[in-house]
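Peer 1: Below are the sequence and a predicted model; questions follow.
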Amino acid sequence: MNLILVESPTKARTLSKFLGDGFRVEASFGHLRDLPKGELGVDVENNFTPRYVIPRDKARRVKELRTFVDKTDRIILATDPDREGEAIAWHLEYILTKSKTSSTGTTSTTGRKKARDTRDTFATRGTFERITFHEITEEAIKEALTHPGKINLQLVNAQQARRILDRLVGYKLSPLLWRKLSRKWLSAGRVQSVSVRLIVEREREIGKFNKQEYWVIEGEFVTNAPTPPLIKRGLGGVSSKTIIAQLISKNGIKYEQSQTIQLFDGSYTYTKTSIPDKAAVDQIIKDVAQPFTVSAVDKKETKRSPAPPYTTSAMQIDAGRKLGYTSKRIMQLAQNLYEEGLITYHRTDSVNLSTKFLGAVKAYIEKTFGPEYSQYRTYATKSKLAQEAHEAIRPTDIRTQIPELRTQNNLTEQHFKLYDLIWKRAIASQMKEAIFDATTIQITSNNGYLFQAQGSVIKFDGYLKVTGRDQETIELPSVVVGDTINLVKSNPLQKFTQPPPRYSEASLIKALEEDGIGRPSTYAPTISTIVERGYVEKETREDGRKGRNFVPTELGILVNDFLVRHFPNVVDLRFTATMEEELDDIAEGKREWQPVVAEFYKPFVEKLNHVLEKVETIETPVVSTGQKCPECKAGDEIIKEGRFGKFLACSRFPECKYTKNLVEKLGIKCPDCKEGDVVVKKTRTGRIFYGCSRYPDCKYASWTKPKIDVPNSTPNPEVSS
């Protein structure tokens, strides 16, 4: 009997479909051994030796797997083909090999059994086999079984170095935050703290940005020239002989200006015109003189190439923007699709595609669209460790499309939408570029004003045949240089310069990747953590709905500023990226893991001890509601802050245990009952809405913030007891 071990039951079930009676596939249900919860678990005095334990909730599964091991002749470790999967395989081999000899445990001082304790160096033992594959298909599994190998200890060392570094930062720095910031639920981490800093710094840059008014002028021109047979415009209401052009310059001096400002992470360029106000607009319109002449017509062919197939981060960014899913949800959906055997492994830095898949794609494109649409392409992989996962994310079978997926009861509409993106991206990557006929027309007045119009039509759709078009076609009337053309209407548009945008999940992931911080597989849990900790939240739009962009909370700013002041390396982009490069060096066998950890830990712990000893605690200011505690009548009712936000409590805590939810009033009477106050509330999903303080007696509720009837009055948030 051959025993194959994987992480999840879904993956086990899919593998079982391809294997005969001589194989048994069992799942470990994730990690069976890890650093202990509630304590450091790393011996910093003994070369950072980790102390691994088997969690109590995994003990039964370990016992079951040991029973299977004792009855089998061949044990095959088939966990995922990355650092985390390699570490799971290594822990499995250690636990199950040790089961054949002896097992030791420790007992706590209270007499209760603790998690099983195992210390060791990074070396495998036993004769277990390791196989890797990047798609769960019959061919891939059977091919892997014919070429088994051993566990890659370099990948294991890199994973464990990361785990130990994260544990040292989290378990050393978090308690310090509890003490110095007087909040016992705070946490810090290498990647999460940098992520929060990016969001905090961007918010400050937005606050400093000086919005400036400027105007653009569009002219509506009419020509008597012949019109093309087909006109498609996104400017409803204009005739086929109409040209909409923008004022560009006067006497060769351009109106548009660009300015670049330096940001904490990179730079930001914005544009405006030198037309500052309506008075300047009116003067220009008054000054513009007829007639106008076509001074230049530039026609050229432009091409747009398809994007490479998805890497993990590219999938998270693109699916986040197009589907609106969180990065955490995207990774969950991709995990399901992978374990069902529908896509290749979804944690990858590679944009490569297998030779076999390329052949299948070529045949599909030529048969479905024609040979003229097929174009063999290779893409350069940016990550130097892309060999950890040999392929980009792609469908395992090009013939499997959405109608076939709908027959699988365990998949949802969200699965279908993500799969559709993956399928189209992989197919399009091997198609011809789209070709456009682009036209630029310049129109000049007798007194030097220059207007310009641009149009573009598709000449050959290429890969857009699969992905669809993301912009409307604009076809301009046919004119030649020297044609007289009439300005029939001027359309001035008021605009304002815009600050650098807030980070969305997609743009935050892109920034982290470009800065070399973290790994694509860590982005989703990192973003979830900083939201759950209350360091950042999604911005609230005027209609009460949550937007897509992040804003830092007061707590997030407080924690960030403390870390920047006292632990600058922990939140420094270059330092964190360098640490990531060193972890990559460990994975490549260029460095040992212990020196990397030691180089970080020594200055870190010195700074930690200094802050503990020298830095004063930042006490949380006590804010009173101005009322006595309604429960004990002796203490004052105050506003406190907990892990889940602000709430009301008694100043005599812990003698008095009074607490109550904090209700924010808008200073507006309920528009329905006229008696209660309009208060801010939240749904379970965090969406803000407005209700009546007399609920349930009054059922008023609205997604839209109610308007104030009293002239010149302003909403006055206040605290209600």
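Peer 2: All right, it came through fine.
Peer 1: Give me the below-cutoff pLDDT ranges for the stretch 401-550 of the chain.
Peer 2: Across the stretch 401-550 of the chain, the ranges flagged by pLDDT under 70 are 542-545.
Peer 1: residue ranges for the strands of it, please.
Peer 2: Using DSSP state E, counting those that start in this stretch, the strands of the stretch 401-550 of the chain run over residues 434-445, 449-460, 484-496, 536-540, 546-552.
Peer 1: any residues touching the third one, and which ones?
Peer 2: Which is strand 484-496. Residues outside strand 484-496 that contact it (CB atoms under 8 Å, 6 or more residues apart in numbering): 211-223, 243, 272, 278, 281, 285, 288, 290-294, 443, 445, 479. To be clear about C-beta, it is placed using only N, CA and C from the backbone, and glycine gets the same treatment.
Peer 1: One more: the second one?
Peer 2: Where contact means CB under 8 Å, 6+ apart, the residues beyond strand 449-460 that reach it are 219, 221, 232, 243-250, 284, 287-289, 292, 295, 301-302, 432, 434-444, 464, 469, 473-476.
Peer 1: Next, the buried residues of that strand.
Peer 2: For strand 449-460, burial by neighbour count (16 or more other CB atoms under 10 Å) applies to 449-453, 455-458, 460.
Peer 1: what's the closest of the strands of the stretch 401-550 of the chain to residue 583?
Peer 2: strand 536-540 (25.4 Å; CB to CB).
Peer 1: mind listing what's buried in that closest one?
Peer 2: Neighbour-count burial for strand 536-540, counted by 16+ other CB under 10 Å, picks out 536-538, 540.
Peer 1: and the residues you listed as JSON lines, adding distance to residue 155?
Peer 2: Converted to JSON lines, the buried residues of strand 536-540 look like this (distance: CB to CB, whole Å):
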{"residue": "536", "distance to residue 155": "32"}
{"residue": "537", "distance to residue 155": "36"}
{"residue": "538", "distance to residue 155": "36"}
{"residue": "540", "distance to residue 155": "43"}
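Peer 1: ok so, going back, max pairwise distance over the buried residues of strand 449-460: which two?
Peer 2: By the measure CB to CB, 449 and 460 form the most distant pair in the buried residues of strand 449-460, at 36.6 Å.
Peer 1: Quote the end-to-end distance of stretch 143-156.
Peer 2: In stretch 143-156, first residue to last residue: 24 Å (CA to CA, to the nearest Å).
Peer 1: Identify the residues contacting it?
Peer 2: 76-78, 82-83, 86-87, 89-90, 93, 122-124, 128-133, 388, 586-589.
Peer 1: Also stretch 608-621?
Peer 2: Contacts of stretch 608-621 (CB under 8 Å, 6+ apart): 172-173, 176, 179-183, 558, 562, 566-567, 640-641.
Peer 1: repeat for stretch 250-265
Peer 2: So stretch 250-265 is contacted by 197-198, 201-202, 205, 209, 216, 247-249, 267-275, 448-450, 500, 511, 515, 573 (CB under 8 Å, 6+ apart).
Peer 1: Recalculate using a threshold of 7 Å.
Peer 2: Applying CB atoms under 7 Å, 6 or more residues apart in numbering, the contact partners of stretch 250-265 are 198, 201, 205, 247-249, 267-275, 448-449, 500, 511, 515, 573.
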